[in-house]
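[1] model this:
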Amino acid sequence: MDKRVFKHKTVMLHEAVDALNPIAGGAYVDGTFGRGGHSRLLLSKLNKQGRLIVFDKDPQAIDDALKLAGEDSRVSVVHSGFSSFQAALDGLGVGKIDGALFDLGISSPQIDDASRGFSFRFDAPLDMRMDTTRGLSAAEWLATADEDEIAEVIKNYGEERFNRQIARAIVRQRAENPIDTTGKLARIAAQNVHTRERGQDPATRTFQAVRIFINRELEEIEAVLPQVVSRLNAGGRMAVIAFHSLEDRIVKQFFKHCATFPRLPKWAVVREGDLPVPPLKLVGKAIRAGAKELEDNPRARSAILRVAERTDGAFPI
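    Down below sits the predicted model:
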């Protein structure tokens, strides 16, 4: 395994951890360990009875998490996507928790490590898997998927208007040579995206789409949110940092749904005190990175943090 160190600046470090309003002896989950910035700060706020369960798909992130667990017995490590949230907690004998934090999307080390195949800035093998120990690589998927599927992925996950042209070019090109490097895919995108967006490489949307699809990123988010609600103690909080509209839309709509009274028939006459209590309440407005952080870490510019708190309400999600 490549042992080079790639720098990572944790996005909205203090804002996200403070949003959880940590209890010293509480049990918490970091659903996206990354390089452990949020986890380490959260641990500093817990006492000896506190507990932290960390998840990650990335083997390199898991290596770092295991080192932390070796130094701190309060830490448990799960090498899995966070959609396995409930099963993993059951396996660890963890019942209710007091908070969960998710820093979604891709990390700086994954982007900056050319060998991972996430970035069009480097010509490297086209992998894009967050978990390199399982599943199809981007190159393997592009070698077999039909044109319609490729076009739909690029349209739905990349919101790329030239999705059909890019998909057609991929199918045509792979008949002659495999599309097995980031450079080949980037060139196809550049040749078929006919309207340039200021400050954005023409391959950006295609690379985003393929990465999200290969790693089932949106499906993971949709799967984990209701699982977290079912595990939170009353007063426990969930904090989610999203980096693009597709992620944020899922989180925003879920929080809104769970913080809203269920729709009643027009004829129903119910006293306000008899209304069922929604399982979540929103905590403040969405938070964005401050000017100082944006100056130090431009990758934080698209980050948006949303926070919700568990009530004692029990109506179905």
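[2] use CA for all of it now, contacts and neighbours both
    Fine.
[3] So which residues of the protein form strands?
    For the chain, the strands defined by DSSP state E cover 27-30, 51-56, 75-79, 97-103, 232-242, 280-282, 287-288, 304-310.
[4] who touches Leu42 in this structure?
    Taking CA atoms under 8 Å, 6 or more residues apart in numbering, we find Leu42 in contact with Val17, Pro22.
[5] Tell me who's in contact with Gln86.
    Contacts for Gln86 (CA under 8 Å, 6+ apart) come out as Gln227, Val228, Arg231.
[6] out of those, which is most surrounded?
    Neighbour counts for these, by other CA atoms under 10 Å, peak at Val228, which reaches 23 neighbours.
[7] Do I have it right that that residue meets Leu101?
    No: counting by CA atoms under 8 Å, Val228 stays clear of Leu101, with 10.0 Å between them.
[8] okay, and the common contacts of these two?
    Common contacts of Val228 and Leu101, defined by CA under 8 Å, 6+ apart, comprise Met238.
[9] Tell me which residues of stretch 191-203 come out buried.
    Using 16 or more other CA atoms under 10 Å as the test for burial, stretch 191-203 gives Asn192, Val193, Pro202, Ala203.
[10] how about these in CSV, adding pLDDT and distance to Val78?
    Converted to CSV, the buried residues of stretch 191-203 look like this (pLDDT from 0 to 100; distance: CA to CA, whole Å):
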residue, pLDDT, distance to Val78
Asn192, 96, 41
Val193, 94, 40
Pro202, 93, 36
Ala203, 94, 33
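[11] Please identify which of those is nearest to Lys57.
    Ala203 (24.9 Å; CA to CA).
[12] List just the nearest of the buried residues of stretch 191-203 to Leu52.
    Nearest to Leu52 out of the buried residues of stretch 191-203 is Ala203 (CA to CA; 38.1 Å).
[13] ranges for the helices of the stretch 1-150 of the chain?
    Counting by DSSP state H, counting those that start in this stretch, the stretch 1-150 of the chain has helices at residues 13-19, 37-43, 59-71, 85-91, 108-112, 138-144, 147-158.
[14] My error: substitute the stretch 151-300 of the chain in the last question.
    Ranges of helices in the stretch 151-300 of the chain, per DSSP H, counting those that start in this stretch, are 163-174, 182-192, 204-214, 217-231, 245-258, 291-296.
[15] re earlier: among the strands of the chain, single out whichever gets nearest to Ile154.
    Across the strands of the chain, Ile154 has its closest neighbour in strand 232-242 (19.6 Å, CA to CA).
[16] what's the most buried one of the helices of the stretch 151-300 of the chain?
    Among the helices of the stretch 151-300 of the chain, helix 204-214 has the highest mean neighbour count (mean count of other CA atoms under 10 Å), at a mean of 22.
[17] And the helix or strand of the chain with the lowest mean pLDDT, how far out from the chain middle?
    Between all helices and strands in the chain, the lowest mean by mean pLDDT, DSSP states H and E belongs to helix 108-112, at a mean of 78. Here helix 108-112 is found 14 Å from its chain centre; the criterion is CA atoms, centre = their mean, to the nearest Å.
[18] Can you dump the C-alpha atoms of that helix in CSV for me?
    C-alpha atoms of helix 108-112 as CSV (Å, rounded to 0.1, in the frame of the first residue of the first chain):
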residue,chain,number,x,y,z
SER,A,108,-8.6,15.6,-0.1
PRO,A,109,-6.2,12.6,0.2
GLN,A,110,-8.4,10.6,-2.2
ILE,A,111,-8.4,13.4,-4.7
ASP,A,112,-4.7,14.2,-4.4
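[19] so how many other residues sit close to the residue nearest to Gly50 when sequence neighbours are not counted?
    Distance criterion CA to CA, 6 or more residues apart in numbering; nearest residue to Gly50, sequence neighbours excluded, is Gly25 at 4.1 Å. Around Gly25 there are 14 other residues, counting by other CA under 10 Å.
[20] which residue packs closest to Val17, ignoring adjacent ones?
    Leaving aside its chain neighbours, Val17 sits nearest to Leu42 (6.1 Å; criterion: CA to CA, 6+ apart).
[21] Against Glu140, how distant is that neighbour?
    Taking CA to CA, to the nearest Å as the measure, Leu42 falls 39 Å from Glu140.
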